[in-house]
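[1] coords below, sequence missing:
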């Protein structure tokens, strides 16, 4: 158990992803710990954040704030699309985005394409606060490489949600132009995509590159933010691409049962801080 | 030097304020380190956040995000007040709030009441990214206890900004009902106050108590948020109290030179996440 260290009888997980900033979480209990063919998967019970999904030692989502990210990546495109019937989620192994998408009665099929089956199994069994123990029959779990999967689809989906981890290691290809090109082709004529585009504080380069890539392919592109406490910098960005003009009035009638999102939050999330506006305009 | 530890030739500051969550910042250089009669004051140069003000080992503000907090605590009341001439800032020794208030030409006097002169001196000299090396002749520095100072003022100020540190130690009295009562009395008939009311994620109890206190005194109370990366949880709350109804249209004409705030951000900051709405209604 490399990732967890004991100190004076207390267990700690220290995130080592950043060279000059380390966050240490005190752990009550290691609930689950396995190595998959892709990564090391843990579910930990922490003092301050409840249960957490931890991949290769890096916190991905927690009971205390997982819903913020998942609500914001799912409800923005699902509320904005005029008729979302077929939805593809790439990544999203914690099942939280699928759980939110399933709140739309008009959705007929949800394809969740996650490369690592172990993540889905661990979250469904041990992280119900995030996954919701999702057993909706409309959700089809496909354990494949998302890049390959989407390459073979043309004019198929109404909404594609790219719920990736950070652009290092296996998720790096999910931030490249060729991948967004496949996503564009896999969408129907009025299709819409959304991806998480990292921290505007620490990774403005990633956000700018993602924005440029998506703008190159989609005529209608909008960046929005949410505050996700367990992500470095707190402020997190998402980029939305649409093939048709997006009518934001749809957000005003939002009425799903949620903990973070509401009509006001969904409307205001597109109003960017001044430094983000200036970076994206340059 | 208790607060800074050396590990393999690298300097680290580890925040110990929370029992079960520790954040460690790698430090390039200790710029300033002195003990005042009130606390230990440091200016550190860090790798990820630039220069930081650190009081008793806890990061208060940094070059990378100090402006977010200071812009949001200053521009909301200053934009909303119809004619802010006399402004009192309690705390705010980093001078960042005063710097933002000074952007309003109609302001004639800014009283900055900070108990610890050393904080002001350290920030003016070594933290210009936050303090702006403020030498505006309208700013009067008063090194006194804010609670005592405000007790002796009646019907004096248009806007009072309570820019306190966390409600432990010396700042605890700045979160108590009697203090807000003095603030209410020190404000003119159309006066307005704002205070930072902590993290809605980790300190909902403080926010609820502050909201209740201020509602008891002011007929018009509004909570708003901003994302401040170096504060635990990222999401931060502010509570605004007004003696007269507040006209939010004023925010639409906001045009000060800023890095975070703009008309959209100032308007949207009052749209609270669903969990905050529910907590504040209960």
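    Sure, I can see it. Given the structure is predicted, the values throughout are model-derived calculations rather than measurements.
[2] switch to C-alpha atoms for all contacts and neighbour counts from now on
    Fine.
[3] after the host helix or strand of residue A:224, which helix or strand is next? Please name it.
    Assigned by DSSP states H and E, residue A:224 belongs to strand A:220-227. Note on strand A:220-227: by DSSP H and E, the next helix or strand toward the C-terminus is strand A:235-242.
[4] whichever helix or strand comes after that following strand and chain B in contact?
    Per DSSP H and E, the first helix or strand lying C-terminal to strand A:235-242 is helix A:263-268. Yes. Using C-alpha under 8 Å from any C-alpha of the partner chain, helix A:263-268 reaches chain B at A:264, A:265, A:268.
[5] now distance to residue A:44 too, for these, in JSON lines please.
    As requested, the residues of helix A:263-268 next to chain B are exported to JSON lines (distance: C-alpha to C-alpha, whole Å):
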{"residue": "A:264", "distance to residue A:44": "34"}
{"residue": "A:265", "distance to residue A:44": "30"}
{"residue": "A:268", "distance to residue A:44": "34"}
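[6] number of nearby residues for the spatially closest residue to residue A:273 that is not a sequence neighbour?
    Among residues not flanking residue A:273 along the chain, residue B:260 sits closest, at 4.7 Å (C-alpha to C-alpha, 6 or more residues apart in numbering or on different chains). A count of nearby residues for residue B:260, using other C-alpha atoms under 10 Å in any protein chain shown, gives 22.
[7] could you pull out the strands in chain A for me?
    Ranges of strands within chain A are A:4-7, A:10-15, A:21-35, A:40-46, A:50-55, A:58-62, A:86-91, A:109-113, A:139-142, A:157-163, A:187-196, A:220-227, A:235-242, based on DSSP state E.
[8] let me know the average pLDDT across the fourth one.
    Spelled out, it's strand A:40-46. Strand A:40-46 shows a mean pLDDT of 97.
[9] report the angle between the axes of it and strand A:21-35?
    120 degrees (axes from the mean of the first three to the mean of the last three C-alpha atoms, to 10 degrees).
[10] residues in contact with strand A:40-46?
    A:25-35, A:51-57, A:118-119, A:122-123, A:126-127 (C-alpha atoms under 8 Å, 6 or more residues apart in numbering or on different chains).
[11] mean neighbour count added to the strands of chain A, as a markdown table?
    Shown next, in a markdown table, are the strands of chain A (neighbours: other C-alpha atoms under 10 Å in any protein chain shown):
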| stretch | mean neighbour count |
| --- | --- |
| strand A:4-7 | 13 |
| strand A:10-15 | 19 |
| strand A:21-35 | 18 |
| strand A:40-46 | 23 |
| strand A:50-55 | 23 |
| strand A:58-62 | 22 |
| strand A:86-91 | 25 |
| strand A:109-113 | 22 |
| strand A:139-142 | 17 |
| strand A:157-163 | 27 |
| strand A:187-196 | 23 |
| strand A:220-227 | 22 |
| strand A:235-242 | 25 |
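[12] now, which of the residues of helix A:263-268 next to chain B sits nearest residue A:180?
    residue A:268 (26.1 Å; C-alpha to C-alpha).
[13] walk me through the domains of chain A.
    Domain ranges of chain A: A:4-61, A:66-281, per automatic domain parsing.
[14] now for those, which one comes closest to residue B:11?
    domain A:4-61 (9.9 Å).
[15] quick one: the residue nearest to residue A:96 when sequence neighbours are not counted from residue B:79, how far?
    Leaving out its chain neighbours, the residue that sits closest to residue A:96 by C-alpha to C-alpha, 6+ apart is residue A:131, at 4.7 Å. From residue A:131 across to residue B:79, the span is 43 Å (C-alpha to C-alpha, to the nearest Å).
[16] ok, now which ones touch the residue nearest the centre of chain A?
    With distances taken as C-alpha atoms, centre = their mean, the residue of chain A nearest its centroid is residue A:163 (3.2 Å). Neighbour list for residue A:163: A:73, A:89, A:90, A:91, A:92, A:97, A:195, A:196 [criterion: C-alpha under 8 Å, 6+ apart].
[17] quick check: bridge partners of the third one?
    It refers to residue A:90. residue A:113, residue A:162 (DSSP bridges).
[18] and residue A:136, what does it touch?
    residue A:102.
[19] okay, now the residue nearest to residue A:96: neighbour count?
    Residue A:131: 27 neighbours (other C-alpha under 10 Å).
[20] that one contacts residue A:95, correct?
    Yes. Between residue A:131 and residue A:95 a contact is recorded at 4.6 Å, counting by C-alpha atoms under 8 Å.
[21] what is in contact with these two at once?
    Joint contacts of residue A:131 and residue A:95 (C-alpha under 8 Å, 6+ apart) are A:123, A:124.
[22] related to what we said a few turns ago, will you turn the domains of chain A into JSON lines that also has distance to residue B:68?
    Below are those laid out as JSON lines (distance: least, C-alpha to C-alpha, whole Å):
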{"stretch": "domain A:4-61", "distance to residue B:68": "20"}
{"stretch": "domain A:66-281", "distance to residue B:68": "9"}
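[23] of all the ones you listed, which lies closest to residue B:114?
    domain A:66-281 (28.4 Å).
[24] just give me how far the closest one sits from the chain centre.
    6 Å (C-alpha atoms, centre = their mean, to the nearest Å).
[25] and the end-to-end length of that domain?
    Terminal-residue distance, domain A:66-281 (C-alpha to C-alpha): 30 Å.
[26] picking that back up, out of the strands of chain A, nearest to residue B:13?
    Of those, nearest to residue B:13 by C-alpha to C-alpha is strand A:21-35, at 9.7 Å.
[27] what is the closest one packed up against?
    Judged by 3 or more C-alpha pairs under 8 Å, 6 or more residues apart in numbering or on different chains; DSSP states H and E, strand A:21-35 is in contact with strand A:10-15, strand A:40-46, helix A:117-126, strand B:21-35.
[28] show me what the first one pairs with in its sheet, parallel or antiparallel.
    Strand A:10-15 has the following sheet partners, assigned by DSSP bridges: strand A:4-7 (antiparallel), strand A:21-35 (antiparallel).
[29] run the angle between it and strand A:58-62 for me.
    100 degrees.
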